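**Q** Give the three-dimensional model of this entry:
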Amino acid sequence: MPATSSADLRDDEDFASAASRAERQRQCMQMLVVVLASYGVDTLLLLGLAHAGAIDALVAWMFAAAGTAACGLFALLLRLGRSERLSDPFLVVPQMLVHSAIHVGFMFWVPGVGVLFLMMMLLIHGFGAMRVSPLHVVASSVLVALGVGTVIVFGELHLSLPMSNVAQRALSAAWFALVLARSTLLDLYGAQLRDMLMQRNKTLKAKFEKMHRRATRDGLTGTLSRRSVMELLEQQHRKLELTGQSFAIALLDIDHFKQVNDRFGHPVGDEVLRYFSRRASAEMRTSDRLGRYGGEEFLAVLTATEDESSAHLAAERVRDGVAKHDWSRLAPNLKVTVSLGVAVCRPDESVDQLLARADAALYAAKHAGRDCVRMG
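**A** Modelled structure (predicted):
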């Protein structure tokens, strides 16, 4: 049976991994379509510039071929899944470098429209920056800046905008406007991603807090669960061993709780447990913690409690608050009291020994007539 469960678990993990890979590939293909569409827009503008006499039409067609070939190559690599094990599964940095190299090459080939290609470099890196880590963005930007700088400084190029006639000036203005529009769309997309991530983080935080509460809180009373209050007790005991700061515990048992259930019913009994938890917590110091120990029994950890008198005073405050509470709102003639056994931790005793002393004190309180505090 365990072997079958393990196999099922592996199948679920494999399915989740395959689904994740499929989603990444889908996003990669969408990204490549956007890049290819951008090449298409620029090719149309370059053909317009060719018609206006700024460049040869071959430049436009070669530019389209280079962009299509680059997108096709990356589509093939991403389809093969060879990048799944890399830290950059989208191959964003290689794409940034390849597309930057294409634009630098055309800037070198046709410097008369070189400024137009320089504009596109900013768009390429803005697009890539949303998909990779800041370190990768900086590294690739430095590398491209060095390459472009080398071409500009030592290439003896006269980079310019095509401005010889009205058509060329209009197309240059259109190129700039489209670069600006695409940059704005990138900013809007980035803002949308940030909003989506913030919303997702809020949802995850709320789910985590809910799960944490379920794991650490008693489902009925809202107090700490037995496991959580015992972990807190262990922490206080280790703190005592390290710093010498003493603490105390109190075991609380609701008097005649079985009779409450028998007389008024279990729904009222559950409400008694809830109201008791709230009443007892309200009478405790903010530094103290209350947890459900089992059934109608609770364990309170009284932090920074140096002596028996202060521990007794804290316990008596809880007892008195419970006894004076108006329980008749839950059921007519209902009265609830609590017995408490208290023990201040000694430097040389274990947690089990401390609990045993508190339990003995609680037993003494029960035999003393209940609704009282006894020290262990």
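**Q** which SSE is Leu78 in?
**A** Using DSSP states H and E, Leu78 sits in helix 57-80.
**Q** Give me the angle between the helix or strand just after that helix and helix 57-80.
**A** Once the chain leaves helix 57-80, the next helix or strand it forms, by DSSP H and E, is helix 92-109. Using axes from the mean of the first three to the mean of the last three Cα atoms, to 10 degrees, the inter-axis angle of helix 92-109 relative to helix 57-80 is 170 degrees.
**Q** Need the contact partners of the following helix or strand past helix 92-109.
**A** Per DSSP H and E, helix 92-109 leads on to helix 114-128 as the next helix or strand towards the C-terminus. In this structure, residues lying in contact with helix 114-128 by Cβ atoms under 8 Å, 6 or more residues apart in numbering are 35, 38, 42, 45, 92-93, 95-96, 99-100, 103-104, 106-108, 137, 140-141, 144, 148, 157, 159-162, 172, 175-176, 179, 182-183, 186. In short, each C-beta sits where N, CA and C put it, glycine included.
**Q** does the residue nearest the centre of the chain count as helix, strand or coil?
**A** Centroid-nearest residue in the chain, with Cα atoms, centre = their mean: Asn201, separated by 4.9 Å. Following DSSP: H, G, I helix; E, B strand; the rest coil, we place Asn201 in the helix state.
**Q** Also Val342?
**A** Three-state call for Val342 (three-state DSSP): strand.
**Q** what bridges to it?
**A** Here Val342 sits in beta bridges with Ala250, Met375, going by DSSP bridges.
**Q** What's the separation between it and Arg169?
**A** Using Cβ to Cβ, to the nearest Å, Val342 is found at 90 Å from Arg169.
**Q** remind me which residues of the stretch 1-150 of the chain are low pLDDT?
**A** For the stretch 1-150 of the chain, the stretches with pLDDT under 70 are 1-21, 24, 82-83, 130-132.
**Q** tell me which strands and helices the helix or strand hosting Gly149 is in contact with?
**A** In this assignment (DSSP H and E), Gly149 forms part of helix 134-154. Judged by 3 or more Cβ pairs under 8 Å, 6 or more residues apart in numbering; DSSP states H and E, helix 134-154 is in contact with helix 92-109, helix 114-128.
**Q** which stretch among those helices comes nearest Ser225?
**A** Closest to Ser225 of the helices and strands packed on helix 134-154, according to Cβ to Cβ: helix 92-109, at 45.9 Å.
**Q** That closest one to helix 114-128, inter-axis angle?
**A** Helix 92-109 and helix 114-128 are oriented at 180 degrees to each other (the same axes, to 10 degrees).
**Q** Hey, what's the angle from helix 92-109 to helix 134-154? Just curious.
**A** 10 degrees.
**Q** More neighbours: Val342 and Arg169, which one.
**A** Between Val342 and Arg169, counting by other Cβ atoms under 10 Å, Val342 is the more crowded of the two (27 against 14).
**Q** what sits against Val342?
**A** Contacts of Val342 by Cβ under 8 Å, 6+ apart are 248-251, 302, 308, 311-312, 315, 358, 361, 373-376.
**Q** Tell me the one among those residues nearest to Ala215.
**A** Among those, Ile249 lies closest to Ala215 (Cβ to Cβ), at 22.3 Å.
**Q** just checking, that closest one touches Phe298?
**A** No - look at Ile249 against Phe298 with Cβ atoms under 8 Å: they stay out of range, at 10.7 Å.
**Q** Show me the helices in the stretch 151-300 of the chain, by range?
**A** In the stretch 151-300 of the chain, the helices defined using DSSP state H, counting those that start in this stretch lie at 166-216, 226-243, 257-264, 266-283.
**Q** Is it possible to get JSON lines of those that adds mean pLDDT?
**A** Formatted as JSON lines, the helices of the stretch 151-300 of the chain follow (pLDDT from 0 to 100):
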{"stretch": "helix 166-216", "mean pLDDT": "83"}
{"stretch": "helix 226-243", "mean pLDDT": "93"}
{"stretch": "helix 257-264", "mean pLDDT": "94"}
{"stretch": "helix 266-283", "mean pLDDT": "95"}
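**Q** which of those is buried the deepest?
**A** Most buried of those by mean neighbour count (mean count of other Cβ atoms under 10 Å) is helix 266-283; its value is a mean of 18.
**Q** mind checking which of the helices of the stretch 151-300 of the chain is nearest Asp348?
**A** Set against Asp348 and scored by Cβ to Cβ, the helices of the stretch 151-300 of the chain come closest in helix 226-243, at 10.1 Å.
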